[in-house]
Each structure stands twice: as structure tokens, then as C-alpha cells.
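Q: Fold the stuff below for me.
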Amino acid sequence: MPTNSTSAIRFAAQGVLGGYDGDSLALKVIIGLMTGMTMYNALELVVLVLMTFRRYRGLYFWSLLISSLGLIPYALGFCLKFFTVLKADARWVSVVLLSVGWYPMVTGQSIVLWSRLHLIVSGERGVKILKYTKWMIIVDAIILHIPTSVVTFGSNGTRDTATFVEAYNVIEKTQMTGFFIQEVILSSIYIVETIRILRVSLQNQTRRLMKQLVFINIVIILMDTALLSLEYASLYLLETVTKGVCYSIKLKLEFAILSRLVKFVGGADRSTGFLNSESSRSKRKDEVEDITEFVDTTRTMTDITHASQQPKESSSGVGMDDTDIECARYQHVEKAVLKKWGNGEDDNNDDSEIRERRSC
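A: Prediction:
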């Protein structure tokens, strides 16, 4: 005779066709708790985003906001579906809600990662990374979202249901694997590029920030691995309710580390966060891209709104590759940050800057 825990796990694999019809109180509590946590984290993120940005524009702002909003219908749709709140034809409302929320939640989170790649990649190599990862996100969204939506609606219909369910079990694992690989690639780029910066940085503030960036991207990979494991274990119910919580946590982690990264790149004051002083605002030009929403571009040596182009040989005869420029940029930013915080001295001597570049 199966125990309560065994019964709970068996029923956790249900949910593709309809709601949860088991009698496990623990599993019902988990469903309610997970969906509640997802919606709470989503609402908190929306409030933080709207209060942090002065002007609502730019790829990073909209991707973060839409991804956060997508969590709400996703969690609400599954909650209505699993508890069988809506029956007969009304059940399609829950299917539509979870599908509409799923698109921006998954692909939107990848766009959030992509939208700040230019902060740590540079040169011709950086341009290629941005280009290839952009098309990877676009292609994956087309070939993974659309087939999954088709079999999702078919599995909840009344015709050839068994065929659609069988197809769903295959396509769901395929799309989970595809999005897992996509997010691992993006996170791995951050980890590799951050390690490159750590190798040339000697300042404690820089090293601490870069270590946090590495740690957060490792956490993201681990959470994606856990979700993929639940999917391949065919624990559909647990995987879907856990997915919303994991994606909301990933978005909060990304938002937190980005605020520190762009503040470091811009040399902003720690007490001001994204918001700069009135004198700094008056110096901005309207045509500058969305990075000016939270970075003081007057304190940077290079155009941080794009991956910098391949550098030309300097007039002094000193050849500089991408690593030289990246090293010099972060050394400059480090000194600017330390001076702002009262821990360093200003150095405007061009000869000393050239010597620093050579030493990298």
C-alpha cells in the first residue's frame, strides 16, 4: 500500500491534462505557497523597477519590467488550473494566462541578461558575442515557444488528447533543455569575462564585485539545473510551480548585481544608486542610449553603451589590443570610484596612464 509521500509524488506528475485531483494536503500547500511567492516577488520587482528608473525607456528597463509582469499571469494561471477553479470552457482562461505569462518570463529573463552584456565585453570579440547571442535568443523563442504552446492547448482540448499529451511530454523536455542551454551560455559568458577582469584587477572593490557577479551566475545555472531535473523526472506539477519562484529569484538577483555593476562602471556615489545629482543630469544628451538612466557617462573613458570597436594604434606608437583597453578602462574606473569614496587619489598624468596600460 503506497504511503502518503509516495502518493504525493505520483500525483505530482499529473497536471498536464487538468488540475490536481489528489488528496495530499502537503502538495496543495506547496502549490499555494509557490504561486504566492512568485506573485509576491513579481510585484516587488515591478515596484522596485518603477521607483528606481527616472525615465521609462531602454531595453533593460522594458525587459526587466515585462519579465516581472509575466510572472503574475503565469503563477495565477497555474493556480487556477491545478485547483480546478475554472471548469468546462472557462478552463481555457487559465491555459491562456499561463501561456501568456510564460513567454516573457522565460525569454524576457534571457533578454535581461543580454541587455547588459556590453558592460563586460569589448572590441570586435564583444561585437560578435552580442550579435550571436541576440540571434540565439530570437531563434530559440520561435522554435521553442510556438510548438510548446500548440501541444499545451491541444492537451487541454477534447480531440486527440492522448496524442497531444504524448507529444507534450517530448516537446516540454526539449524546450526546457533548449532554454537551459541558452541561459547556461549567457551565464557562462559573464563568468568567463568576469574572470578575465579579476586577473588584471588589484582593487578590493572591483574584485569583490566581480566575485559576486560570478557567484550569482553560478546560482542561476544551479537553479536551471534543478528545474531541468524535475522536468526529466516527469514531476510536471512541482516543476511548473517551482519554475515561477526560480525565475523571480533570478530576476531579483540580476537586478541587484546590475545596480552595482553599472554604478561601478559609471563611478557613481554609493548613496545615490541609479539616481545621479542635478548637475550630472543637466550634462546628459537625449540621444545617449538607455545606459544613461543609471550610469554617469561623464566619468568613463570609453563609450560603454556599445561594445567598443577594434582599437587603432595610438599616436604614441603604442599598440593596444582588446585586453589592454579593457584593463585600462577598469583601472581608470577603479581610480574614479576610489577617489569618489575618499580612498584614492586623482591621477591626470597621461604618461603614467600609458605606463599602467603597458603593465597590464
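Q: so where's the stretch 151-300 of the chain shaky on pLDDT?
A: 201-202, 259, 262-300 (pLDDT under 70).
Q: those helices in the stretch 1-150 of the chain, which residues are they?
A: 4-12, 25-52, 59-82, 91-115, 123-140, 146-155 (DSSP state H, counting those that start in this stretch).
Q: same question, the stretch 151-300 of the chain
A: 161-200, 204-232, 236-266, 278-282.
Q: quick one, the second one and helix 161-200 angle?
A: What separates the directions of helix 204-232 and helix 161-200 is an angle of 160 degrees, with axes from the mean of the first three to the mean of the last three C-alpha atoms, to 10 degrees.
Q: now for helix 204-232, which elements pack on it?
A: The contact analysis (3 or more C-beta pairs under 8 Å, 6 or more residues apart in numbering; DSSP states H and E) places helix 204-232 against helix 161-200, helix 236-266, helix 322-340. Bear in mind the C-beta positions are built from the backbone N, C-alpha and C, glycine included.
Q: Give the buried residues for the longest one.
A: I take that to be helix 161-200. 164, 167-169, 171-172, 175-176, 179-180, 182-183, 186-187, 189-191, 193-194, 196-197, 200 (16 or more other C-beta atoms under 10 Å).
Q: which helices and strands does that helix pack with?
A: Helix 161-200 packs on helix 91-115, helix 123-140, helix 146-155, helix 204-232, helix 322-340, going by 3+ C-beta pairs under 8 Å, 6+ apart.
Q: relative to helix 25-52, how tilted is the first one?
A: Inter-element angle recorded for helix 91-115 and helix 25-52: 50 degrees (by the same axes, to 10 degrees).
Q: Likewise for the third one?
A: Angle, helix 146-155 to helix 25-52, by the same axes, to 10 degrees: 140 degrees.
Q: now for helix 146-155, which elements pack on it?
A: Partner elements for helix 146-155 (3+ C-beta pairs under 8 Å, 6+ apart): helix 91-115, helix 161-200.
Q: still on that earlier bit, relative to residue 247, which of the helices of the stretch 1-150 of the chain is closest?
A: Judged by C-beta to C-beta, the one of the helices of the stretch 1-150 of the chain that comes nearest to residue 247 is helix 91-115, at 5.4 Å.
Q: follow-up on the earlier one: make CSV out of the helices and strands packed on helix 161-200 and add distance to residue 254 and mean neighbour count.
A: CSV is the format used below for the helices and strands packed on helix 161-200 (distance: least, C-beta to C-beta, whole Å; neighbours: other C-beta atoms under 10 Å):
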stretch, distance to residue 254, mean neighbour count
helix 91-115, 6, 21
helix 123-140, 15, 15
helix 146-155, 24, 17
helix 204-232, 7, 17
helix 322-340, 21, 20
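Q: do you know which of the helices and strands packed on helix 146-155 lies nearest residue 57?
A: helix 91-115 (12.6 Å).
Q: Could I get the helices and strands packed on helix 204-232 in CSV, plus columns for distance to residue 30?
A: Formatted as CSV, those follow (distance: least, C-beta to C-beta, whole Å):
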stretch, distance to residue 30
helix 161-200, 20
helix 236-266, 7
helix 322-340, 44
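Q: With distance to residue 213 added, can I get the helices and strands packed on helix 146-155 in a markdown table?
A: Shown next, in a markdown table, are the helices and strands packed on helix 146-155 (distance: least, C-beta to C-beta, whole Å):
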| stretch | distance to residue 213 |
| --- | --- |
| helix 91-115 | 12 |
| helix 161-200 | 5 |
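Q: quick one: residue 105 from residue 257, how far?
A: Residue 105 sits 19 Å away from residue 257, going by C-beta to C-beta, to the nearest Å.
Q: Over to residue 55?
A: From residue 55 over to residue 257 the distance is 22 Å, taken as C-beta to C-beta.
Q: higher neighbour count, those two?
A: residue 257 (18 against 9; other C-beta atoms under 10 Å).
Q: Report the separation between that one and residue 117.
A: Applying C-beta to C-beta to residue 257 and residue 117 gives a distance of 13 Å.
Q: Contact partners for the residue lying closest to residue 96 once chain neighbours are set aside?
A: Counting by C-beta to C-beta, 6 or more residues apart in numbering, the nearest residue to residue 96 once its immediate chain neighbours are dropped is residue 77, at 7.3 Å. By C-beta atoms under 8 Å, 6 or more residues apart in numbering, the residues touching residue 77 are 93-101.
Q: Let me know the pLDDT of residue 77.
A: Residue 77 is assigned 90 on the pLDDT scale.
Q: and if you look at the one 3 residues further on?
A: Among the per-residue scores, residue 80 shows a pLDDT of 87.
Q: I figured it was touching residue 90, is that so?
A: No. Contact criterion C-beta atoms under 8 Å: residue 80 and residue 90 do not qualify, at 9.1 Å.
Q: if you count what's nearby, which of those two comes out ahead?
A: Per other C-beta under 10 Å, whichever of residue 80 and residue 90 has more neighbours is residue 80, with 20 against 10.
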